[in-house]
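1. predicted coordinates and the sequence they were generated for:
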Amino acid sequence: MEVHSGDYRARARRIIEETPEVREAVTAATRTFVEHRLEAFADLDEDALSHWAERVKSHALTHLADYLEEAEARLVERGAHVHWAESASDVHRILERIVRDNGVKKVVKAKSMLSEEVGLNPFLESCGVEVLETDLGEYIIQLFGEPPSHIVGPSIHRSLDDIRAIFHERLGTPRDASPERLAAAARELLRNAFLTAEMGISGGNFLVAETGSIALIENEGNIRLSTSVPRIHVALVGIEKVLPKWDDLSIFLQVTAKSATGQPVGCFVSIIQGPGGSAAGEPDGPEELHVVLVDNGRSRLLADPEVWEALRCVRCGACLNICPVYRQTGGHAYGYVYSGPIGAILAPGLVGLEETLPLPFASTHCGACKDVCPVRIPIPDLLHVWRKRAVERGLTSGVERSVLGLWASVVTRPALFGLAEKVAGLIPDQVVRHLPMLREWSAGRELPRATGRTFRELWDEGIE
Amino acid sequence: MSRDARERILSRVRDANRDREPVSHPGPLPEAAEPPGPFTQAADAEVDGQTGVADPVDAFENRLRAAGGEVVRLADKAAVRAWLKEFASEFESVSVCKGVPQGLQPELAAAAPSEASLGVSLAVGAAAQTGSLLLSSREGRQAQLLPPVHLVWVRAQDVHTTLGEALQACREDLPATLALHSGPSKSADIGQILVTGVHGPGRIIAAILGADA
Ligand code: SF4
């Protein structure tokens, strides 16, 4: 994927001013995620769980090479092909080979952020392969020709009306089709694709070293189908996805689902040890399994003594959902596949600080993200590290001012700021707690004074 | 080339960790911190006069129902026969997974999984904590996925309290794919409105064998 993070400010402003409905949709959706998450954790010892999960992931990362070798050995024993990719172009070469060797013409894809990160769809299309995203949200944004705007709900920035319009245009459904009707149209088209594609591509939520298992969480069943029906299954797995033991898996499956959507676990989980079909003496399933272990900047991030903890991330999206800055624009402003607080710390690490510069400044310093992270990544501290480095390297002339200035101008215009929050209701507690800090920060940028009222007053006015 | 990539990645990872204090594995999650599965825990505890003990079958039923699944309990063969006959009358054709015993197969015309109106499978286990049915790819996956309705048989004795216990029971003999089905297929990707039966089965029915109703 091309990185456009340098345009963050212009993109954010454009989204806020030209498509205010995006903010409404994103705020409403993320607020629902937050509520469901709160309910899911209400009867849990969240502290004990997150400390445990943090330690398991840190253990895995500090023993990563051994665990990767162990996972590889287990997978190979079961007849899987394991490939190693240092970069996006390595992934392309590996996939090109598999596609060529097998005469693949059609691919069904299950949601994979890593495949977005390495720009896989355009590459496969350039090889003459038809690629169909099968997750409903991914399918919707594929119709729009857009990147995902959220790591869990890729199409949350699109309203029902937007989706009705594009389905009408592309699939011929009625202009006022119900969500059920729209889903049925997508189901029919994609069902045919599942049955005719030669290859399915997935990501991987976890890679269990002890058993060589790839675990995938979902709700629609498209991942199960993509990894079960076509003759070949290719799983793209970031090297940081390792869990040491089989016994670690049950808690990670639950914590990730609860933190993402508030569910006890996804409606479907696939735990894949090897190819199926006749190779495994099973009635069906893919005859070939290719697992591509992808570095693409992760080992460099691991070597960074101040930022390596970002690699614990399980991509639950909780930090996006709670983030007041993310809520204003959705993910597209960030110009990178991972958005929100986690995107702002991963982007400089995986791509480079200079290339992704304003992102570490796209923050109100409210700290809400830290409190919701199920693996206790100290996101505000890591943002601070990147900001400090940007200053040290003399990369900040005007950057901080322009990004903070953008938010100052937004938050001091109740008509704008209040809009989404009015629709969505109250701001998360964690954010409200930090309001005075926000106020000072805005005041330092001299904008709120212009109205003679405090940010809090304006805020209240916006949501009254 | 790919060999070199492997060596380079592994050596970069080793170098990255060289000066870092290794973090030890914390061991199993303390039991007290396990996510509670059984909604009935409190109520049962009152009845039994003891804490933390709930019937896993009750808890499983509650969880799966909360996720939109259906549950029936069938105490013996007679109950199975009567229920299955009635249930099967809603459907035209069936696709049955390999390991499902004769007596648990509805009397319907057999069809390919992509054509059948009902799929029938036998779970290798279940977990009350998450309302999950554990399905093995050895039984054949397509009948678990392609028909719009999925009937899953599970024995009461195979219903475990936690997901960890249910997975542990499968650990020694893992199929190519072990799947958890914990509700009907659903999505909120269209304007945050919940739709069921998106790609996988829109109805899932767990029929628990050897459980009193
Ligand atoms: S940083 Fe934490 S909260 Fe954010 S997506 Fe990753 S795991 Fe979830």
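-> Great, that's in hand. Worth saying up front: this structure is predicted, and the values here are computed from it rather than measured.
2. for residue B:194, phi and psi?
-> When read as degrees, to the nearest 10, the backbone of residue B:194 gives phi -70, psi 130.
3. wait, isn't it in contact with residue B:183?
-> No - with contact defined as CB atoms under 8 Å, residue B:194 does not count as touching residue B:183 (11.2 Å). For the C-beta atoms, the positions are set from N, CA and C on the backbone; glycine is no exception.
4. of the two, which one has the most company?
-> residue B:183 (27 against 13; other CB atoms under 10 Å in any protein chain shown).
5. assumed the more buried one was part of a helix.
-> No - read with DSSP: H, G, I helix; E, B strand; the rest coil, residue B:183 is coil and lies in no helix.
6. the nearest residue to it once chain neighbours are set aside and residue A:144, how far apart?
-> The spatial neighbour of residue B:183 that comes closest, neighbours along the chain excluded (CB to CB, 6 or more residues apart in numbering or on different chains), is residue B:67 at 3.3 Å. Using CB to CB, to the nearest Å, residue B:67 is found at 30 Å from residue A:144.
7. compare neighbour counts for these two and give me the winner.
-> residue B:67 (22 against 14).
8. check what pLDDT that one gets.
-> Note on residue B:67: pLDDT of 96.
9. wondering if the longest helix along chain A reaches chain B at all.
-> The longest helix of chain A (DSSP state H) is helix A:20-42. Yes - using CB under 8 Å from any CB of the partner chain, helix A:20-42 reaches chain B at A:25, A:28-29, A:32.
10. and the residues you listed as CSV, adding pLDDT?
-> Shown next, in CSV, are those (pLDDT from 0 to 100):
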residue, pLDDT
A:25, 91
A:28, 91
A:29, 92
A:32, 91
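11. residue of the stretch 301-450 of chain A nearest chain B, please.
-> residue A:303 (3.6 Å; CB to the nearest CB).
12. residue A:179 contacts residue B:188, correct?
-> No - contact criterion CB under 8 Å: residue A:179 and residue B:188 do not qualify, at 9.0 Å.
13. overlap in contacts of these two?
-> Common contact partners of residue A:179 and residue B:188 (CB atoms under 8 Å, 6 or more residues apart in numbering or on different chains): residue B:195.
14. quick one: contacts for the most centrally placed residue in chain A?
-> Nearest residue to the geometric centre of chain A (CA atoms, centre = their mean): residue A:151, 2.1 Å. Residues counted as contacts of residue A:151 (CB under 8 Å, 6+ apart) are A:113, A:315, A:317, A:320, A:331, A:338-340, A:342.
15. looking at the residues you listed, which is nearest the ligand?
-> residue A:342 (3.8 Å; CB to the nearest ligand atom).
16. for that closest one, give me phi and psi.
-> phi -70, psi -40.
17. residue A:293 now?
-> Per degrees, to the nearest 10, the backbone of residue A:293 is at phi -90, psi 120.
18. beta partners of it?
-> residue A:84, residue A:237 (DSSP bridges).
19. that one contacts residue A:84, correct?
-> Yes - here residue A:293 reaches residue A:84: they are 5.2 Å apart, a contact under CB under 8 Å.
20. list residues touching both of the two?
-> The contact lists of residue A:293 and residue A:84 share residue B:9, where a contact means CB under 8 Å, 6+ apart.
21. how does chain A divide into domains?
-> As recorded under automatic domain parsing, the domains making up chain A are A:5-158+A:198-298, A:399-461.
22. give me the contacts around the helix ranked longest in chain B.
-> In chain B, with assignment by DSSP H, the single longest helix is helix B:2-17. Here helix B:2-17 makes contact (CB under 8 Å, 6+ apart) with A:61-65, A:68-69, A:83-86, A:90, A:94, A:239, A:293, A:295, A:299-300, A:302-303, A:308.
23. and with 10 Å instead?
-> A:61-69, A:72, A:81-87, A:90, A:93-94, A:97, A:239-240, A:292-295, A:298-305, A:308 (CB atoms under 10 Å, 6 or more residues apart in numbering or on different chains).
24. for residue B:24, which residues are in contact?
-> So residue B:24 contacts A:55, A:58-59, A:62-63 (CB under 10 Å, 6+ apart).
25. just the buried residues out of these, in ChimeraX syntax.
-> In ChimeraX, a selection of the buried entries from those looks like this (16 or more other CB atoms under 10 Å in any protein chain shown):
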select /A:55,58,59,62,63
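26. distance to residue A:283, secondary structure and pLDDT for the contacts of residue B:24 - can I get that in JSON lines?
-> JSON lines is the format used below for those (distance: CB to CB, whole Å; DSSP: H, G, I helix; E, B strand; the rest coil; pLDDT from 0 to 100):
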{"residue": "A:55", "distance to residue A:283": "41", "secondary structure": "helix", "pLDDT": "98"}
{"residue": "A:58", "distance to residue A:283": "41", "secondary structure": "helix", "pLDDT": "98"}
{"residue": "A:59", "distance to residue A:283": "38", "secondary structure": "helix", "pLDDT": "98"}
{"residue": "A:62", "distance to residue A:283": "42", "secondary structure": "helix", "pLDDT": "98"}
{"residue": "A:63", "distance to residue A:283": "38", "secondary structure": "coil", "pLDDT": "98"}
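27. so which of the contacts of residue B:24 comes closest to residue A:383?
-> residue A:58 (19.6 Å; CB to CB).
28. nearest residue to the closest one other than its sequence neighbours?
-> Per CB to CB, 6+ apart, closest to residue A:58 is residue B:23, 4.1 Å.
29. can you check residue A:30 too?
-> Closest to residue A:30 by CB to CB, 6+ apart is residue A:321, at 4.0 Å.
30. what do you get for residue A:22?
-> For residue A:22, the spatially nearest residue (CB to CB, 6+ apart) is residue A:157, at 4.7 Å.
31. so the one you found: helix, strand or coil?
-> The three-state label given to residue A:157 by three-state DSSP is coil.
32. also residue A:82?
-> strand.
33. do I have it right that it meets residue A:214?
-> No - using CB atoms under 10 Å, residue A:82 makes no contact with residue A:214, being 11.0 Å away.
34. for residue A:91, the count of nearby residues, please.
-> 25.
35. just the pLDDT for it.
-> At residue A:91, pLDDT is 98.
36. dump the residue contacts of it.
-> Contacts of residue A:91 by CB under 10 Å, 6+ apart are A:83, A:85, A:114-115, A:117-120, A:123, A:234, A:236, A:292, A:294-296.
37. ok, now residue A:143?
-> So residue A:143 contacts A:133, A:155, A:158, A:163, A:166-167, A:169-171, A:186 (CB under 10 Å, 6+ apart).
38. A strand includes it, no?
-> No - Residue A:143 is assigned helix when assessed by three-state DSSP, not a strand.
39. from the ligand, how far out is it?
-> Applying CB to the nearest ligand atom, to the nearest Å, the value for residue A:143 to the ligand is 26 Å.
40. in chain A, where is pLDDT below threshold?
-> Within chain A, the stretches with pLDDT under 70 are A:1, A:401, A:404-464.
41. ok, the spatially most central residue of chain B - contacts?
-> The C-alpha lying nearest the average C-alpha coordinate of chain B belongs to residue B:133 (CA atoms, centre = their mean; 1.7 Å). Contact analysis of residue B:133 by CB under 10 Å, 6+ apart lists B:60, B:64, B:69, B:121-127, B:144, B:150, B:152-154, B:158-159, B:166, B:179-183, B:204, B:206.
42. chain neighbours aside, what residue packs nearest to it?
-> Using CB to CB, 6+ apart and skipping residues adjacent in sequence, the residue nearest residue B:133 is residue B:123, 4.3 Å away.
43. for chain A, which residue gets nearest to chain B?
-> residue A:221 (2.2 Å).
44. that residue touches residue B:148, doesn't it?
-> No - taking contacts as CB under 10 Å, residue A:221 lies outside contact range of residue B:148: 11.0 Å.
45. and those two? Which one has more around it.
-> residue A:221 (31 against 17).
46. where in chain B is pLDDT low?
-> B:1-2, B:37-53, B:213.
47. mind doing that once more with 50?
-> B:39-53 (pLDDT under 50).
48. which stretches in it count as helices?
-> So, for chain B - with DSSP H - the helices run B:2-17, B:41-48, B:56-66, B:77-88, B:142-145, B:163-170.
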